[in-house]
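1. quick one: sequence and predicted model below, then my questions.
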Amino acid sequence: MSDPNRNGQAYGFQAMTPIQPGMEDDLRAHLEGMHAEGSPFAKLARTHMARFVIVPDFYNDRSWGQKEEHLDLQYLIFTSNLDGDIDSYLDELCDVVAPDAQEIWGRCVGCPADASGTALKKYLKHNQIDCGFFYAAYGDATVGKVQAALAQREKVIAFASRTQGLDPAELQQAFVAEFGGK
Amino acid sequence: MAAATPKVDLADLQGDILRAYGNDYDHTTYAFVKIECPPEQARAWFADLLDHVTTAEPWTKGKPLTTLNVSVTAPGLAALGVASEVIGTFSREFREGMSSRATLLGDIGPSAPSSWERGLGTGDAHVLLTINAQERVDHRRALGKMRTAMDGFGGLRIVYQEDTALLEGSREHFGYADGFAQPAIEGSGDDKARGGGVPLAKGGWRPLAPGEFVLGYPDEDTRVDPKRRLPNAPAAPLGKSGTYMVWRKLYQDVAAWRRVMRDAATLYKDGDEEKLAAKVVGRWPDGSPLVTHPEKPDPKFDASKSAANDFRYYDADRDGKRCPLGSHIRRSNPRDALGFEGHLSFRHRMIRRGMPYGDELPAGSMKDDGVDRGLVFVCFQASISRQFEGVQVQWLNTGNLFALGHDTDFILGDPNGKGKMTIQGDPPFFLSPQEVFVKTRGGEYLFVPGMTALSAIADGIA
Amino acid sequence: MSAQAPSAGPVTATGTARGNIHGQAIAITVFSTIKWWGKPFLPVLFAATKRVPKLTTTLVQLSFIHFARWSVITELPYNGPPQKKQKWRYPHMYFESNFNGGWEEYIDAFSHILTSGMTAFWGSSYGFPKPLPTAPFKAYIQNNETEASHYYSAYPDATTTMINGALDIDRKFAPLKRSAEGMDPDAFAAAWERFLTDSQHAL
């Protein structure tokens, strides 16, 4: 029975945690302040893409013929598209993201007082939501592989552009110098 | 399935939008007027102008010597006394203005608004008068009359003016025949459907809904809407028969272009300099499309014939070996190249009415002579953000949709001067350096009101 | 996040709120309320889509999306007060995508090209208008969409197409790298040309 959260070696993790009433604005301010360049996820090398979204409530429109339904509290959604084993990823996250974790999940209902390590991991797993359908365009490629391939593409293009017109011996020499004999 | 599209009311529409005035009008002046008097006074001048505005009605008594068309910027609407709640119904990008969207449009570095012509992009341009003329003398005379009228009213000043004239053979300054490929529009009476419309799966074409270009009419979304809703438009009576206009002054560095192409051609094994340059553009200088004539121009090519524009990419040239994937005309109008029955491109068409400006650099010269020359780019569309900006941002400033990475359109140039273009072939050729061949010298977003709307503005009831 | 530096790459993330953008990557997050019949239907749809690769062929060809997911949520884990035990009348569907290019172009592509796919995935959501015409569908998505408070990509300057192209190049380049040094120069030059010819769609 295949894991619904897996596509190739990629894994789609999601946790939806209730926010402590009254702490929503502070939480939002902290999240928005984590500019992408200084994102805690930069320290989690197995993360392709991740997000934090605050959902205040469900969207209700009477004209749609449904009865109104509301969330009891505002909720924090955390999703990550990551490589490989989820348990070791969560271990890493709960270790490496510690200061931010306190400001983020530390403001959620039921989070352990010290938002780190095994206690935090247990909290996140408790609130995990499985994917129904998880799509990955390159699910077999890790973050490292993607980054290396992108860098290599740049190098190949630059090399191809500047070696047009070289004779075969010069070309080969330049190639080996640039890319090595491996 | 679709109900018959209502015919466009040509008497209510300004001219040169659905149908071009044509190449007999080889002189065009663009005069940007700033209103420095109270709105009521400005409206009196505006009302006076309207008697001379040329509509889209067919000419039954021969061609007029000159034509006049009027368009307005968002600050211009305010200066004419249009209520701010009404201005609020115009599109967001129009209200923001082109210069404040410079980063989005790629107008950075040498093309940044800080380097623009004085009078453009500062909010001082209010009303644009476009005068087309068959002879230079008539064009001077018409402009002279405008200026006299303005002086008569007082408090009106031309903050920027560009005089333009067609070049020999209707070419632009890099030497390419330009302007003859336009969208085919239902009910416009122009037989441009072959090549100008939406490519159909079985090989034909169909014209585009008029609402893609003129507000108040069904657009492509309306066609598939059981409720036949019309697209967003400014509040009545200003929206109907109106269109949004993009005006951009693009300086062309002809010397740099010639030099780069000459130097790169020494390494190009598949042909000479002319062929390499044609690969960048997608056409030969005479306008013959590369995709149908990959080795040399078509001796029988006639840009004025309706079949001239009837070509496609997907079946004959999916891999770009005839007409490169990144060539200018393929990027700016992909036709069926992206597959999916043209659905990724059909809502991004524009009507182009630009004119070259400035004297030509003598043939063969590769030394910049300091002369200001280039293209005044003008286009009309129902939505600036979907049509003009969509193409500029998603098709020209980045190559992702065509699997070209971040390669920008080679002709427009890379503000960092570092890009390249891949010329597909066996093997491919990498063309560089991508110097800055084109610099934006200024621009505005404008609205071209219909005749009823113009009167409403002049009467102060908007 | 600076929007001014030219070396940061082209601005392509148009039509969406700033919180959803990291370089070329765009986040979209949508919740919708599901009608009763969606509860049995959607898991079947998900399973079928996984089992029949042809159903995702168009999605792959469009090449806009890095990662996306749909989840049907019928209840939420309980964490103690003040959270209440959720007793929802309706199931709710969570959708997120990580994609490239303009928001409007993205939705347009789904409306025009993945019309039946959109209807299958969204048809059981309350308020879902048909994918065509595009204007009401876009309004629906906008109403149901929530801006991210934080969004991160490990490779913000890259698009899905570039990544797939780069991975394809790597597959073709690796053998050439390994054998380059030991080859006869003419043979190497020919092999290099062959590599360029085979990879040009990604170069």
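-> Thanks, I have the structure now.
2. ok, B:T55 - contacts?
-> B:T55 makes contacts with B:L10, B:A11, B:D12, B:L13, B:Q14, B:G15, B:M451, as judged by Cβ atoms under 8 Å, 6 or more residues apart in numbering or on different chains. Using the backbone N, CA and C atoms, a C-beta is placed for each residue, glycine as well.
3. can you give me the neighbour number for the last one?
-> Yep, that's B:M451 we're talking about. Residue crowding around B:M451 was assessed by other Cβ atoms under 10 Å in any protein chain shown; the count is 18.
4. doesn't B:G15 make contact with it?
-> No: taking Cβ atoms under 8 Å as the contact criterion, B:M451 and B:G15 are not neighbours in contact, 10.4 Å apart.
5. burial measure for the closest residue to chain A within the stretch 51-200 of chain B, as a count.
-> Each residue of the stretch 51-200 of chain B has a distance to chain A, by Cβ to the nearest Cβ, and the smallest belongs to B:T103, at 17.4 Å. Counted with other Cβ under 10 Å, the burial measure for B:T103 works out to 16 neighbours.
6. so it sits in a helix?
-> Yes: when the secondary structure is assigned by DSSP: H, G, I helix; E, B strand; the rest coil, B:T103 falls within a helix.
7. the residue in the stretch 201-350 of chain B that chain A sits nearest to is in what secondary structure piece?
-> Of the stretch 201-350 of chain B, the residue with the smallest distance to chain A, taken as Cβ to the nearest Cβ, is B:L267 at 4.6 Å. Assigned by DSSP states H and E, B:L267 falls within no helix or strand.
8. what residues does chain A put near chain B?
-> A:R153, A:I157, A:A160, A:S161, A:Q164, A:G165 (Cβ under 8 Å from any Cβ of the partner chain).
9. quick one, phi/psi of B:V376?
-> B:V376 has phi and psi values of phi -90, psi 110 when expressed as degrees, to the nearest 10.
10. related to what we said a few turns ago, and the residue of the stretch 201-350 of chain B closest to chain A, how many neighbours?
-> Counted with other Cβ under 10 Å, B:L267 comes out at 13.
11. output the lowest mean pLDDT helix or strand found in the chain.
-> Since you didn't name a chain, this refers to chain A. Ranking every helix and strand in chain A by mean pLDDT, DSSP states H and E puts helix A:98-104 at the bottom, with a mean of 92.
12. switch to chain C, that's the one I care about
-> The element with the least model confidence among the helices and strands of chain C, by mean pLDDT, DSSP H and E, is helix C:57-62, at a mean of 90.
13. what's next to that helix, contact-wise?
-> Contacting residues not belonging to helix C:57-62 are listed as A:Y135, A:A137, B:G339, C:I65, C:A109, C:I113, C:L114, C:G117 [Cβ under 8 Å, 6+ apart].
14. residues near the fourth one, how many?
-> Counted by other Cβ under 10 Å, the residues lying close to C:I65 total 18.
15. and it, what is it in contact with?
-> Counting by Cβ under 8 Å, 6+ apart, C:I65 has contacts A:Y135, A:A137, C:L59, C:S97, C:N98, C:F99, C:T160.
16. which other helices and strands contact whichever helix or strand the first one is part of?
-> Same thing as A:Y135. Secondary structure assignment for A:Y135, by DSSP H and E: strand A:133-136. Strand A:133-136 sits against strand A:6-7, strand A:10-18, helix C:38-51, strand C:65-73, with contacts defined as 3 or more Cβ pairs under 8 Å, 6 or more residues apart in numbering or on different chains; DSSP states H and E.
17. 7 Å instead?
-> When contacts are defined as 3 or more Cβ pairs under 7 Å, 6 or more residues apart in numbering or on different chains; DSSP states H and E, strand A:133-136 packs onto strand A:6-7, helix C:38-51, strand C:65-73.
18. from these, which stretch is densest packed?
-> With neighbours defined as mean count of other Cβ atoms under 10 Å in any protein chain shown, the helices and strands packed on strand A:133-136 peak in mean count at strand C:65-73, which reaches a mean of 22.
19. that one pairs with which strands?
-> Partner strands for strand C:65-73, per DSSP bridges, with pairing direction: strand A:133-136 (antiparallel), strand C:92-99 (antiparallel).
20. now the ones you listed as TSV including mean pLDDT, distance to C:K39 and mean neighbour count?
-> Formatted as TSV, the strands paired with strand C:65-73 follow (pLDDT from 0 to 100; distance: least, Cβ to Cβ, whole Å; neighbours: other Cβ atoms under 10 Å in any protein chain shown):
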stretch	mean pLDDT	distance to C:K39	mean neighbour count
strand A:133-136	96	15	23
strand C:92-99	97	10	23
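21. now those strands in TSV, with distance to B:Q392?
-> Below are the strands paired with strand C:65-73 laid out as TSV (distance: least, Cβ to Cβ, whole Å):
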stretch	distance to B:Q392
strand A:133-136	30
strand C:92-99	20
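22. what count of nearby residues applies to B:S170?
-> Every residue meeting other Cβ under 10 Å relative to B:S170 is counted, giving 17.
23. pLDDT score for C:P10?
-> For C:P10, the model assigns a pLDDT of 86.
24. these two touch, right, it and B:G399?
-> No: here C:P10 does not reach B:G399: they are 9.2 Å apart, not a contact under Cβ atoms under 7 Å.
25. mutual contacts of those two, please.
-> Common neighbours of C:P10 and B:G399, using Cβ atoms under 7 Å, 6 or more residues apart in numbering or on different chains, are B:H406.
26. who has more neighbours out of the two?
-> B:G399 (25 against 20).
27. roughly how far apart are the closest residue to that one other than its chain neighbours and B:I423?
-> Leaving out its chain neighbours, the residue that sits closest to B:G399 by Cβ to Cβ, 6 or more residues apart in numbering or on different chains is B:D407, at 4.1 Å. When Cβ to Cβ, to the nearest Å is the yardstick, B:D407 and B:I423 sit 11 Å from each other.
28. what does B:K367 give?
-> 27 Å.
29. neighbour-wise, which of the two wins?
-> Neighbours were counted for B:K367 and for B:I423 using other Cβ under 10 Å; B:I423 has more, 25 against 10.
30. chain neighbours aside, what residue packs nearest to the more buried one?
-> Nearest in space to B:I423, with sequence neighbours left out and distances taken as Cβ to Cβ, 6+ apart, is B:F429 at 4.2 Å.
31. the one you found: neighbour count?
-> Neighbours around B:F429, by other Cβ under 10 Å: 24.
32. tell me which residues touch it, please.
-> Shown here is B:F429, whose contacts under the criterion Cβ under 7 Å, 6+ apart are B:Y268, B:D270, B:I423.
33. surely the first one touches B:E274?
-> No: shown here, B:Y268 and B:E274 do not form a contact pair, counting by Cβ under 7 Å, at 10.8 Å.
34. more neighbours, those two?
-> Remark: of B:Y268 and B:E274, B:Y268 carries more neighbours, 20 against 15, as counted by other Cβ under 10 Å.
35. for residue 130, report the pLDDT, please.
-> Because you didn't say which chain, this covers chain A. A:D130 is given a pLDDT of 97.
36. look at chain C instead
-> In this model, C:K130 carries a pLDDT of 92.
37. can you give the domain ranges for chain A?
-> Here the domain assignment for chain A is A:6-126, A:143-179, based on automatic domain parsing.
38. using a markdown table, lay out the ones you listed together with distance to B:D319.
-> Shown next, in a markdown table, are the domains of chain A (distance: least, Cβ to Cβ, whole Å):
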| stretch | distance to B:D319 |
| --- | --- |
| domain A:6-126 | 28 |
| domain A:143-179 | 18 |
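39. many thanks, I have nothing further to ask.
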